[in-house]
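# Below: sequence and its predicted model.
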2 protein chains.
Amino acid sequence: MIDAEAMQDAITNHRAEPLMFDGLEYARLLEPVNHYPRGSVVLPDGSVVPGYPAIGRIQSLEAGLPRQFDQPFWAEEKIDGFNVRILRWEGRVVAFSRGGFVCAFSTDRVPDFVDLAVFEAEPDLVLCTEIAGPDTPYLEGSTPRVADDVGLFVFDLMRLGQPGFVPQDEKFALMERHDLPPAPLHGRFTPADTEALGRLIRQLDAEGAEGLVLKTADGEHRAKYVAGGSCINDIRVCSEQLLDLPPEYFTNRLTRLAIFLAEHPPAERVAVERELGAALLSGLATAVDKSRREGRVGHTYRCRFRERAGAQRFIDHMQATGGRHVRFLPDTPRQEANGYWLLEFERLFDRITGTLASALAGDRQYD
Amino acid sequence: MIDAEAMQDAITNHRAEPLMFDGLEYARLLEPVNHYPRGSVVLPDGSVVPGYPAIGRIQSLEAGLPRQFDQPFWAEEKIDGFNVRILRWEGRVVAFSRGGFVCAFSTDRVPDFVDLAVFEAEPDLVLCTEIAGPDTPYLEGSTPRVADDVGLFVFDLMRLGQPGFVPQDEKFALMERHDLPPAPLHGRFTPADTEALGRLIRQLDAEGAEGLVLKTADGEHRAKYVAGGSCINDIRVCSEQLLDLPPEYFTNRLTRLAIFLAEHPPAERVAVERELGAALLSGLATAVDKSRREGRVGHTYRCRFRERAGAQRFIDHMQATGGRHVRFLPDTPRQEANGYWLLEFERLFDRITGTLASALAGDRQYD
């Protein structure tokens, strides 16, 4: 709980931002307040949906497992999507982004994946989920676990007003009882199971999956571990915006990949080298080509809404926050034969647009 | 000229730094003074060796030539080394780095490459040169134009106290008369010679050369243009220090490479992709390996001096400016059979050392 007075203080001191979504008043924390982390959501009665905590990453199974775990743990698949927390508040189901905004897209689509009756039986439940697939409004890449549109994967449960996560046993029982779609579960391991986990991560790597999140039975001790291929994949889907992302996006993934390859030497090193080179150059070639033909570099995102009003709320949010970088395509949203409203928009990558335009115009550049 | 009073002001205001090299008092400019750029060197009588100006880069021949040139120009080879300005002052020949320090290494080695009689005939001459090769104290990579040790290439001449460069005709005549070693000259072109220059840059690319500097007859209008392979080469020789260089080092070269490939499509795109991937991964694999075996990542540099005292002056300078990142190997400098003093030292890459040590120890990392 954060009481009204503390909230007013937090808003005055720019530690919280009051927001409104379709009549729902709420606030998101920009900085920690009362020990709740940034990204937490404060509802009108002061109850708090805690921000989803960052999970530390290990980069070596051999060194990381014994160092981070002194008890068995579950290995759940890490899905490459975006994280939303879903709950029911005064009769409506809403999904909050990592930053604490209502996500209009996810909020619209939840009923496609979750039987909302779960909130009748468990009114205080918060579903921590990953939404992923080829057609999301935020992601350039996808996951092999979703062929079309989007999918939703529940990986944690919280209870409104209670700290921490629901323990693993209870989580699995609740998910089964309410038919919640789980992130794939890959079994229970001990810190000595380096070899078995090595085989598992190489298998996931071959399937194009992102990696694993390891969690103790109480749900409190955690670490993530990703496959080398997912580093190359991240680079591939973002190389078109090489100059617009923080450069650490690329250097971190390259470093991670090198450490992964040292621990899991590939059968064909040359194939990995080629894949990495192609990942960088394919997006950049597309960018050069777009710059030549259209004078700008951007990416077109598409996503589907159940309701036209949902699409409009998404548009309103993007126009309020995305500014001039976002351009909705004409004739969008439009209803498809299946009844969904298809939204398409382009996000412009300013820096690479400017750099390429100047280079291809023959300017001299100083670096 | 910068008079004594102006220099005193500049030093007080931290626009200039007074320095001493083996009894020679001089100052380097940290900021522009009297229109002389940073990197300029001020000698005891107030005469100024201007800082070597940055040369703008074009990234497209087709667009860049007509935009940057309205007259014919010379194409001189750009050698991948470091830039020093060499002159004689009160009977001694000294070489200044781009930043305006005396370079103890270059100063020691100049007589190996330049007949110092040139300064009898032309006492006010300043040689603008590139020093390159496998054994320099600054560079990880080398150039195909130097097989062993180092080489020196004169590419511009200035006259002490006079603005601008010596015009091309006079430069060529002086260089021939005094047998100064030139950067390879590849001919004279016009802004319409896109195709001929395209063939030339692809030829240089195949030879592993860095690229071209284009200069009009008066020496005043200039642009540089580099080959795609040199971008990959730069990445290869520095990927071991991926986290210690500004990330733009890598993103700029990747962007440049993509633009080059769009203008000069390679016969085998797959070969280029592989080469780029290998360039990134080879250095990182070496870094992981060094981290595992030695607990640190660094690069060992070696260079040769004619005189033991020259080596000692270099050591003194590095210890004054390079700090704890530099470790001279025991038993260095030592005299080789050929009479030269061989110096070896390691430069430590702090950030990648720390990141890899933590990752390989099994720490959790948050990014």
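Good, I have the coordinates. Numbering: from 1, shown residues only, chains lettered A, B, ... in the order given.
# Near chain B, which residues of the stretch 251-367 of chain A are found?
Residues of the stretch 251-367 of chain A that fall close to chain B, judged by Cβ under 8 Å from any Cβ of the partner chain: A:251-252, A:254-255, A:257-259, A:261-262, A:269-270, A:272-278, A:280-281, A:284-285, A:287-289, A:292, A:352, A:355-356, A:359-367. In short, each C-beta sits where N, CA and C put it, glycine included.
# Buried ones among these?
Using 16 or more other Cβ atoms under 10 Å in any protein chain shown as the burial test, these include A:251-252, A:254-255, A:257-259, A:261-262, A:272-278, A:280-281, A:284-285, A:287-288, A:352, A:355-356, A:359-360, A:362-365 as buried.
# residue ranges for the helices of the stretch 1-150 of chain A, please.
A:4-12, A:61-68, A:104-109, A:118-121 (DSSP state H, counting those that start in this stretch).
# Report all helices and strands that the first one contacts.
Okay, so that is helix A:4-12. Secondary-structure packing of helix A:4-12 (3 or more Cβ pairs under 8 Å, 6 or more residues apart in numbering or on different chains; DSSP states H and E): strand A:16-21, strand A:24-29.
# Deepest in the core, which of those is it.
strand A:24-29 (a mean of 19; mean count of other Cβ atoms under 10 Å in any protein chain shown).
# for the residue positioned nearest the centre of chain A, which residues make a bridge with it?
Centroid-nearest residue in chain A: A:Phe82, 1.9 Å away (criterion: Cα atoms, centre = their mean). Applying DSSP bridges to A:Phe82 yields these beta-bridge partners: A:Ile131.
# Show the average pLDDT along stretch A:302-321.
Throughout stretch A:302-321, pLDDT has a mean value of 94.
# Contacts made by it with the rest, please.
With contacts defined as Cβ atoms under 8 Å, 6 or more residues apart in numbering or on different chains, stretch A:302-321 is touched by A:21-22, A:101-102, A:104-105, A:107-109, A:111-112, A:135-137, A:149-150, A:326, A:328, A:333, A:335-336, A:339-345.
# Strands - which of those land there?
Mapping the contacts of stretch A:302-321 onto strands (DSSP state E) picks out A:21, A:326, A:328, A:335, A:341-345.
# Now do the phi/psi pair for the residue in the stretch 101-250 of chain A positioned nearest to chain B.
Nearest residue of the stretch 101-250 of chain A to chain B, counting by Cβ to the nearest Cβ: A:Pro247, 3.1 Å away. When quoted as degrees, to the nearest 10, the phi and psi of A:Pro247 stand at phi -60, psi -20.
# any idea what sits nearest it, other than its immediate chain neighbours?
Spatial nearest neighbour of A:Pro247, excluding adjacent residues (Cβ to Cβ, 6 or more residues apart in numbering or on different chains): B:Pro247 at 3.1 Å.
# I figured that neighbour hits A:Phe250, correct?
Yes: counting by Cβ atoms under 8 Å, B:Pro247 touches A:Phe250, with 7.4 Å between them.
# who has more neighbours, the two?
Using other Cβ atoms under 10 Å in any protein chain shown as the criterion, B:Pro247 and A:Phe250 rank with A:Phe250 on top: 23 against 15.
# what about that one, which helix or strand?
Counting by DSSP states H and E, the element that carries A:Phe250 is helix A:248-263.
# now for the helix or strand following that helix, which elements pack on it?
The first helix or strand that comes after helix A:248-263 along the chain, using DSSP H and E, is helix A:269-294. Under the contact definition 3+ Cβ pairs under 8 Å, 6+ apart, helix A:269-294 sits against helix A:228-238, helix A:248-263, helix A:350-360, helix B:248-263, helix B:269-294.
# what about 6 Å?
On a contact count with 3 or more Cβ pairs under 6 Å, 6 or more residues apart in numbering or on different chains; DSSP states H and E, helix A:269-294 meets helix A:228-238, helix A:350-360, helix B:248-263, helix B:269-294.
# what angle separates it from helix B:248-263?
Helix A:269-294 runs at 70 degrees relative to helix B:248-263, counting by axes from the mean of the first three to the mean of the last three Cα atoms, to 10 degrees.
# centre of the chain versus the very next helix or strand once past helix A:269-294, how much separation?
Counting by DSSP H and E, the next helix or strand C-terminal to helix A:269-294 is strand A:298-305. Using Cα atoms, centre = their mean, to the nearest Å, the mean C-alpha position of strand A:298-305 is found 16 Å from that of the whole chain.
# strands paired with strand A:298-305, and their directions?
Strands that pair with strand A:298-305, judged by DSSP bridges, come out as strand A:341-348 (antiparallel).
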